[in-house]
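Asks: sequence and predicted structure are below.
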Amino acid sequence: MTARILYAGADTREHPARTDDDWTQDRRESYLLRPDVARPLSVDPSVWGQVRGPGGEVAETPLPWICAEDVLLRAMTWSDASDWVVIVIGVVAEDSHEETAIKQAMGADTELAVSSGWKFLGFDVADGSISGLSNCGYDASDVASRRRTWAPRLNEHGLFWEVTEALSFRRLTEERVPEHAPFYVYGIWMVAP
């Protein structure tokens, strides 16, 4: 079986063009394989912040039974669309065993149908909420070698373009950060309002 991408949900995030002052140089050196990325993007809201509504609430927790259009409609009632974007998150099932595990763990059971109006941002590696790519610190003793190997494979958002590379990185991350395993590979698409 070839890898399938299942719809895992949608979320609102700060517009990627906005700066994020929380990404100091020290934080970049500790958590990013490409510290030069202007704005790191991720499924992890600690890496890429969620947008909050007038009462401080977030649109929804990304869930596979809440469609992207519903998240978009709710966010449009909050504020100017230049402040936020809606993202669609797909979880990669490498084989039938992983697909079954994802269905049981997350309820994601529908193959993602990518709309022509969505922009692919890249693949992240996360345990469901914490990014193993950009929110599990790298040891100073081996970060240089990891950067040499992996940074060239990351795009301008600090994400993988290729699913095969993200799957390989996932295996290394499960060895490096076993307390957060299992990790999954997530595709991220930005939805135009």
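Replies: Okay, I see it.

Asks: please report how far the residue most central in space within the chain lies from Lys119.
Replies: Nearest to the geometric centre of the chain sits Val43, at 2.6 Å (C-alpha atoms, centre = their mean). In this view, Val43 and Lys119 are 16 Å apart by C-beta to C-beta, to the nearest Å. C-beta: built from backbone N, CA, C; applies to glycine.

Asks: and the residue nearest to the centre of the chain, helix, strand or coil?
Replies: Under DSSP: H, G, I helix; E, B strand; the rest coil, the three-state class of Val43 is coil.

Asks: doesn't Ala126 make contact with it?
Replies: Yes - look at Val43 against Ala126 with C-beta atoms under 8 Å: they come within range, at 5.1 Å.

Asks: common neighbours of the two, please.
Replies: Residues touching both Val43 and Ala126 (C-beta atoms under 8 Å, 6 or more residues apart in numbering): Tyr186.

Asks: ok so Gly122 is a strand residue?
Replies: Yes - residue state for Gly122 (three-state DSSP) corresponds to a strand.

Asks: just give the closest residue to it, not the sequence neighbours.
Replies: Once flanking residues are discounted, Gly122 sits nearest to Leu159: 2.6 Å by C-beta to C-beta, 6 or more residues apart in numbering.

Asks: list the contacts for Leu33?
Replies: Leu133, Ser134, Tyr138, Val143, Arg146, Arg147, Trp150, Ala151, Leu154, Gly158.

Asks: make it 10 Å
Replies: Leu33 sits next to 133-134, 138, 143, 146-154, 158, 169 when contact means C-beta atoms under 10 Å, 6 or more residues apart in numbering.

Asks: tell me the pLDDT at it?
Replies: The per-residue pLDDT reported for Leu33 equals 97.

Asks: strands of this structure, start to end?
Replies: 4-14, 84-93, 118-126, 184-191 (DSSP state E).

Asks: among these, which is nearest Asp36?
Replies: strand 118-126 (15.6 Å; C-beta to C-beta).

Asks: ok, Val86 - contacts?
Replies: Taking C-beta under 10 Å, 6+ apart, we find Val86 in contact with 10-13, 51, 59, 68-76, 118, 189-193.

Asks: neighbours around Val143, how many?
Replies: Counted with other C-beta atoms under 10 Å, the burial measure for Val143 works out to 17 neighbours.

Asks: correct me, but it touches Gly137?
Replies: Yes - counting by C-beta atoms under 10 Å, Val143 does reach Gly137; the two are 9.0 Å apart.

Asks: what do these two both touch?
Replies: In contact with both Val143 and Gly137: Glu29, Ser30, Tyr31, Leu32, using C-beta under 10 Å, 6+ apart.
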